[in-house]
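K.L.:
Pasting a predicted model and its sequence here:
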Amino acid sequence: MLYCVPGRQDELTIHEREWKIVWDWFFNHDMKSLPNEEIQLVDGLNVKVMLQEYQTSPLEERGWETHDKYFDVMYIDEGEELVGIVPRSRLGAVKIPYNEPGDITWYESADNPTWVNLQKGDILIVSPDEGHNSRVAVTQPCFVRKLVAKVHI
């Protein structure tokens, strides 16, 4: 599954070179051999990828976030998780103000989000115009191995 909010498909062609680099990493690298750190993919292009391994958590333990400068592109290599997506206009009050080095703002809540059940092989693209809440357990907490690519806008 590739999930992209309707009306956002043009962004896939604007960043075509970057998406091709990301797809290559997602499908042509052994996730189990990657270091658990950020990797800059191509000099001169602002595209990086991070391997994340974790246990999902109940919804009440997770939070809503946005990024100002990067798309988040999530690829599930193992496990499953729920990810909530919502336009920025439907996010609640800021919980933790913008952190520029991490390119992240945290929010108290979100109104009427869309929930996507990501499973092995699924890809989700979250734009800077959207908030998201990830790492949420579907039913019970489980192990997830996920690659997250950051593509600069």
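P.N.:
Structure received.
K.L.:
Any idea which helix or strand in this protein has the lowest mean pLDDT?
P.N.:
Least confident helix or strand, the chain: strand 2-3 with a mean of 55, by mean pLDDT, DSSP states H and E.
K.L.:
Who are the packing partners of the lengthiest helix in the chain?
P.N.:
Longest helix of the chain, by residue count under DSSP state H: helix 16-28. Helices and strands touching helix 16-28, by 3 or more CB pairs under 8 Å, 6 or more residues apart in numbering; DSSP states H and E, are strand 47-55, strand 70-78, strand 143-152. The way it works is simple: take the backbone N, C-alpha and C, and place the C-beta from them, glycine included.
K.L.:
How far off centre is the longest one?
P.N.:
The reference is to strand 143-152. Taking CA atoms, centre = their mean, to the nearest Å, one finds strand 143-152 lying 6 Å from the centre of the chain it belongs to.
K.L.:
Neighbouring strands of that strand in the sheet, and parallel or not?
P.N.:
On the basis of DSSP bridges, the sheet neighbours of strand 143-152 come out as strand 47-55 (antiparallel), strand 70-78 (antiparallel).
K.L.:
Quick one, which of the helices and strands packed on helix 16-28 gets closest to P128.
P.N.:
Taking CB to CB, strand 70-78 is the member of those nearest to P128, at 6.8 Å.
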